[in-house]
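Participant: coords below, sequence missing:
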């Protein structure tokens, strides 16, 4: 079941990393130093004026747009042609990272993306989707459906969706778990890279990474909430991000606007939120665009992004500090309304 990696984490004498060993590296340097180093390694030269910056996806070597197109919002338009237009306009304007998931809008998001990627668009993008199945059988079935809907014989990145329970790492890495299915699919040429996502707790992310290390496996990418409020409350930025940077795992930032509850706090604008997430050592910041206007907002944020100085970051923190303290505007952490696999446990297999 294991997949050996050239840069695999070095285990302790009993063959597994202890929690202390695993987390030690995260405290070696400050997060500020990690951010500086991470951005430098990903950004390369500044893009031409008015164009989107491309960054390197961890150690994969893949170059991805600093802003990615979220998949859920692409299945809610009444006319699927509107969805297709949004996707193609994004690609035509430099966005090459496309997000999706097997369960989004009962498959509509993947189906519409598959149609949008006809006529040569598929070869222009880095395509990612997610599966919910935690058993090998359910993961294989969902992956088969995703390939069919997306109208492709290979997906660039497939991620284990919603690692939101402390029991999830053990289940997906168990014999007959979904990791087995993804490794087999990778060997068969159906997928290129493997990752996982979650929005509930940074401690669950750390446990997933620990289980990977114990199984001599390292994820290519990890998706996590990164935004102006996260740093104040049960923070993925503080706990998980330094580990990902240290281990050269691609950082997929999501929920930069809190989907979209942060905007309802009236403490930061949409562009401020996007720029903050882009300022972190993210490979890509995934944001939902359900209309051309919102897509243009994201494109404009990417085109106008400049690294934020310490004073600007401090001012954003001060504006959001009080509102962020209890997680009221990060409802994916504090409520169950975003927990699709809890609402549909049958998806887990």
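Facilitator: That came in fine, so what should we check first? Keep in mind it's a predicted model, so treat the numbers as computed, not measured. Numbering: from 1, shown residues only.
Participant: what about the helices in the stretch 51-200 of the chain?
Facilitator: 80-92, 108-116, 136-150, 168-173, 178-187 (DSSP state H, counting those that start in this stretch).
Participant: and residue 123, how many neighbours does it have?
Facilitator: 6 (other CB atoms under 10 Å). Bear in mind the C-beta positions are built from the backbone N, C-alpha and C, glycine included.
Participant: tell me where the model's unsure across the chain.
Facilitator: Residues of the chain meeting the criterion pLDDT under 70: 1-50.
Participant: residues contacting the residue nearest the centre of it?
Facilitator: The residue lying closest to the centre of the chain (CA atoms, centre = their mean) is residue 223, at 2.6 Å. Residues near residue 223 by CB atoms under 8 Å, 6 or more residues apart in numbering: 159, 195, 196, 197, 198, 252, 253, 254, 286.
Participant: so what's the last one up against?
Facilitator: The neighbours of residue 286, taking CB under 8 Å, 6+ apart as the test, are 67, 68, 69, 70, 97, 99, 223, 252, 253, 254, 256.
Participant: would you turn these into JSON lines with distance to residue 141?
Facilitator: Putting the contacts of residue 286 into JSON lines (distance: CB to CB, whole Å) gives the following:
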{"residue": "67", "distance to residue 141": "32"}
{"residue": "68", "distance to residue 141": "26"}
{"residue": "69", "distance to residue 141": "26"}
{"residue": "70", "distance to residue 141": "24"}
{"residue": "97", "distance to residue 141": "26"}
{"residue": "99", "distance to residue 141": "21"}
{"residue": "223", "distance to residue 141": "22"}
{"residue": "252", "distance to residue 141": "24"}
{"residue": "253", "distance to residue 141": "30"}
{"residue": "254", "distance to residue 141": "25"}
{"residue": "256", "distance to residue 141": "32"}
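Participant: which stretches of the stretch 151-300 of the chain form strands?
Facilitator: Assigned by DSSP state E, counting those that start in this stretch, the stretch 151-300 of the chain shows strands spanning 155-160, 191-197, 221-225, 250-254, 284-287.
Participant: return the most buried member of these.
Facilitator: Of all the strands of the stretch 151-300 of the chain, strand 284-287 carries the top mean neighbour count, a mean of 28, counting by mean count of other CB atoms under 10 Å.
Participant: distance from that one to the middle of the chain?
Facilitator: In terms of CA atoms, centre = their mean, to the nearest Å, the centre of strand 284-287 is set 7 Å apart from its chain centre.
Participant: what strands flank that strand, and is each parallel or antiparallel?
Facilitator: strand 67-69 (parallel), strand 250-254 (parallel) (DSSP bridges).
Participant: how far away is residue 219 from residue 248?
Facilitator: Distance of residue 219 to residue 248, given as CB to CB, to the nearest Å: 11 Å.
Participant: between the two, who's got more neighbours?
Facilitator: A direct count of neighbours by other CB under 10 Å for residue 219 and residue 248 places residue 219 higher, at 21 against 17.
Participant: so where do the helices sit in the stretch 201-349 of the chain?
Facilitator: With DSSP H, counting those that start in this stretch applied, the stretch 201-349 of the chain shows helices at 202-214, 236-239, 241-246, 261-264, 270-279, 292-304, 310-324, 331-334, 340-343, listed in chain order.
Participant: let me have these in CSV, extended by distance to residue 152.
Facilitator: Listed next are the helices of the stretch 201-349 of the chain as CSV, based on distance: least, CB to CB, whole Å:
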stretch, distance to residue 152
helix 202-214, 26
helix 236-239, 30
helix 241-246, 27
helix 261-264, 34
helix 270-279, 28
helix 292-304, 23
helix 310-324, 39
helix 331-334, 29
helix 340-343, 24
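Participant: output the ones you listed as JSON lines; include the columns distance to residue 164 and mean neighbour count.
Facilitator: Formatted as JSON lines, these follow (distance: least, CB to CB, whole Å; neighbours: other CB atoms under 10 Å):
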{"stretch": "helix 202-214", "distance to residue 164": "6", "mean neighbour count": "21"}
{"stretch": "helix 236-239", "distance to residue 164": "13", "mean neighbour count": "20"}
{"stretch": "helix 241-246", "distance to residue 164": "18", "mean neighbour count": "23"}
{"stretch": "helix 261-264", "distance to residue 164": "18", "mean neighbour count": "18"}
{"stretch": "helix 270-279", "distance to residue 164": "21", "mean neighbour count": "23"}
{"stretch": "helix 292-304", "distance to residue 164": "26", "mean neighbour count": "17"}
{"stretch": "helix 310-324", "distance to residue 164": "20", "mean neighbour count": "15"}
{"stretch": "helix 331-334", "distance to residue 164": "9", "mean neighbour count": "18"}
{"stretch": "helix 340-343", "distance to residue 164": "7", "mean neighbour count": "15"}
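Participant: tell me which of the ones you listed sits nearest to residue 120.
Facilitator: helix 292-304 (20.4 Å; CB to CB).
Participant: can you give me the end-to-end span of stretch 340-349?
Facilitator: 14 Å (CA to CA, to the nearest Å).
Participant: begin at 35 from now on, thanks
Facilitator: Got it, the first residue is 35 from now on, which makes the last one we talked about stretch 374-383.
Participant: tell me which residues are up against that stretch.
Facilitator: By CB under 8 Å, 6+ apart, stretch 374-383 touches 137, 166-169, 171-173, 195-196, 198, 205, 212, 370.
Participant: give me the number of residues near residue 301?
Facilitator: When counting by other CB under 10 Å, one arrives at 20 neighbours for residue 301.
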